[in-house]
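Visitor: Just to be clear, the model below is a prediction. Sequence and coordinates:
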Amino acid sequence: MPKIVDHDQRRRELAAAVWQVIACDGVEGISIRSVAAASGWSSGALRHYFSTRAELLAFACEQVIEQVTERIQGLRHTGDPVQAVRAILLQTMPVDETRRTEDSIAFAFLALGLGDPELARVQRRHFTGMYELCLRLVQDLAERNALAQSGQDVETLARRMHAVVDGLTVHALAGHLTAEEIVAQLDAYLADLTGAELT
């Protein structure tokens, strides 16, 4: 009787191997050969799932999006809407090694997506998803009367929140800010946005 193969599990294993290679060698270290070596598979077996490096990278980025989404959905919030927004945004920022690797993968697509339609599609999904998350967070703050100034345009505020989070993330990935510094800057931004004191 032929062995039943769990293809979803195998793809998850390959995504883990991709992250392992990125953690050691950066995104530029990703290739069919390097991921095959990290996963213990042959290059031929890996090509059964991903025929090109671009497909492999796109899958890894989509796994990051799903992983972050699951973490956010699993958060348990207190009644403080500003603390809830802070906790959610920190799930998307490089404040520990796991999230630093996730952000390294996601932000690699800014450049990689310029020359590859498949990678551009995934990059748009990441960018759009982050903006939509910020929009929901700002709308929630507005509905709870938790903004420092009422009547502000929520779309403008959401784009500003997105820009702040992405900007801090890029600075941390480039080594210009530490994890502690981006948390402090996020807290300062949220204090300005809401008038709340974050400790």
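Guide: Sure, I can see it.
Visitor: which residues sit in contact with residue 191?
Guide: Residue 191 makes contacts with 197-198, as judged by CB atoms under 8 Å, 6 or more residues apart in numbering. All C-beta atoms are positioned from the backbone trio N, CA, C, and that covers glycine.
Visitor: Sorry, slip of the keys, the one I care about is residue 21.
Guide: Counting by CB under 8 Å, 6+ apart, residue 21 has contacts 29-30, 34-35, 38.
Visitor: Please determine how far it is located from residue 123.
Guide: 20 Å (CB to CB, to the nearest Å).
Visitor: Verify the stated contact: residue 17 with residue 38.
Guide: Yes: using CB atoms under 8 Å, residue 17 is in contact with residue 38, at 4.0 Å.
Visitor: Looking at the contacts of residue 21, which are in helices?
Guide: Counting by DSSP state H, these place 34-35, 38 in helices.
Visitor: and which of these is nearest residue 136?
Guide: residue 35 (34.4 Å; CB to CB).
Visitor: mind checking pLDDT for that closest one?
Guide: Reading off the confidence values, residue 35 has pLDDT 91.
Visitor: Going along the chain, name the helices of this protein.
Guide: Going by DSSP H, the chain shows helices at 7-25, 32-39, 43-47, 53-73, 81-90, 97-112, 117-143, 154-173, 179-194.
Visitor: Name the residues of the first one that are buried.
Guide: Under the neighbour-count criterion of 16 or more other CB atoms under 10 Å, helix 7-25 has 10, 13-15, 17-22 buried.
Visitor: One more: the last one?
Guide: For helix 179-194, the buried set under the neighbour-count rule, 16+ other CB under 10 Å, comprises 179, 182-183, 185-187, 189-190, 193-194.
Visitor: List just the nearest of the residues you listed to residue 72.
Guide: Nearest to residue 72 among these, with distances taken as CB to CB, is residue 186, at 15.4 Å.
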